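A.B. asks: coords please:
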Amino acid sequence: MKFWRYLFDLLFKIPDDLLPYQVEAIVGIGAGLGFVMVFFPPFTEIPRLTLSQQSYAVVNKVKNFYYRFGDNVAIFFSGGYRINKISEAEEMSHCFLEEVVDPPPHIDMETKSRNSRENVKNTIDYLREKNYKSAIIVDFYGHLKQIKMLFLQELKRQNIKDIKLYFIGAEADYGENVQTRLKNPFNFLVWEILTTVYYYLTSYLPI
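C.D. replies: Residues are numbered from 1 along each chain as shown. Below you'll find the predicted structure:
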């Protein structure tokens with residue numbers, strides 16, 4: 001498995017962008033859900049739905065940037081993948097609010113996206129609606145290259161030149177995710193290659 005991890009990192013891992021002194025919004029892209037075992041006395045354990053470790057890493061990055069840039073920055077989570085009526089964006093918002101100092105910030109989110117292209121379109125729609133001109137995009141590091149490509153494609157497709165985006169990866173191991181492609185680097189390598197080719201070939205078709 002170390003070979004596939006090395007190959008994946010070689011093909012898809014990209015360096016983080018240099019950040020400015022201030023931004024208007026921080027965006028966290030969902031990376032699946034997962035289950036943890038919760039103990040119930042006296043001897044029972046049951047699975048509880050929560051964030052995957054990849055999504056949790058994204059939340060932690062967003063939280064760190066929130067502390068860095070101040071409480072006047074907007075927080076936005078994008079992720080419509082859901083199980084048992086719980087979506088990535090909702091669970092990421094709950095996790096973020098549990099771990100930040102009082103008073104808690106207002107969080108915006110969207111729970112309609114079902115793939116990366118919809119994450120991108122819904123996020124850009126949000127930024128335009130709020131008239132934000134700069135944002136940090138945080139995603140699971142293995143997916144950062146693809147999500148950056150899609151954002152740049154969408155900005156070009158809509159001829160948007162006044163929004164500046166900065167792309168940052170959230171480091172996390174594979175596994176503990178209900179999405180099969182995120183359980184190991186080999187699955188994710190195949191998925192990223194196929195979807196990247198698909199998104200590239202269909203980049204100028206209407207969504």
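
A.B. asks: this protein: strands as residue ranges?
C.D. replies: Applying DSSP state E to the chain gives strands spanning 25-29, 33-40, 44-51, 74-78, 82-83, 86-87, 107-110, 134-140, 164-170.

A.B. asks: give me the residues contacting the first one.
C.D. replies: Counting by C-beta atoms under 8 Å, 6 or more residues apart in numbering, strand 25-29 makes contact with 58-59, 61-62, 65-66, 69, 73-79, 92, 96, 116, 119, 123, 127, 130, 132, 134-140, 143, 147, all of which sit outside it. C-beta here means a position set from N, CA and C on the backbone, and glycine is covered the same way.

A.B. asks: which of the residues you listed count as buried?
C.D. replies: Taking 16 or more other C-beta atoms under 10 Å as the criterion, what is buried in those is 58-59, 61-62, 65-66, 69, 73-79, 92, 96, 116, 119, 123, 127, 132, 134-140, 143, 147.

A.B. asks: tell me, what residue is most central in the chain?
C.D. replies: Per C-alpha atoms, centre = their mean, the C-alpha nearest to the average position across the chain is that of residue 29, at 1.8 Å.

A.B. asks: spit out the contact partners of residue 16.
C.D. replies: 167, 168, 169.

A.B. asks: quickly list what the first one is bridged to.
C.D. replies: Applying DSSP bridges to residue 167 yields these beta-bridge partners: residue 137.

A.B. asks: any idea of the pLDDT on it?
C.D. replies: Predicted confidence (pLDDT) for residue 167: 98.

A.B. asks: and for residue 43?
C.D. replies: 61.

A.B. asks: where do the helices sit along the protein?
C.D. replies: With helices called from DSSP state H, the chain shows them at 2-12, 53-69, 88-98, 116-130, 144-157, 185-201.

A.B. asks: between the last one and helix 2-12, how many degrees?
C.D. replies: Counting by axes from the mean of the first three to the mean of the last three C-alpha atoms, to 10 degrees, helix 185-201 lies at 20 degrees to helix 2-12.

A.B. asks: where does this structure have its least confident helix or strand?
C.D. replies: When each helix and strand of the chain is scored by mean pLDDT, DSSP states H and E, strand 33-40 comes last, with a mean of 68.

A.B. asks: okay, buried residues for stretch 183-193 please.
C.D. replies: In terms of neighbour count (16+ other C-beta under 10 Å), stretch 183-193 has its buried residues at 183, 184, 185, 186, 187, 188, 189, 191, 192.

A.B. asks: whoops, stretch 169-184 was the one
C.D. replies: 169, 170, 172, 174, 176, 177, 179, 181, 182, 183, 184.

A.B. asks: tell me where the model's unsure across the chain.
C.D. replies: Counting by pLDDT under 70, the chain has low-confidence residues at 1, 36-47, 101-103, 204-207.

A.B. asks: what about 90?
C.D. replies: Along the chain, segments meeting pLDDT under 90 span 1-13, 34-51, 70-72, 81-86, 98-106, 142, 172-194, 196-207.

A.B. asks: which of the contacts of residue 16 lies closest to residue 54?
C.D. replies: residue 169 (10.7 Å; C-beta to C-beta).

A.B. asks: spatially nearest residue to residue 7 (excluding sequence neighbours)?
C.D. replies: The spatial neighbour of residue 7 that comes closest, neighbours along the chain excluded (C-beta to C-beta, 6 or more residues apart in numbering), is residue 189 at 6.5 Å.
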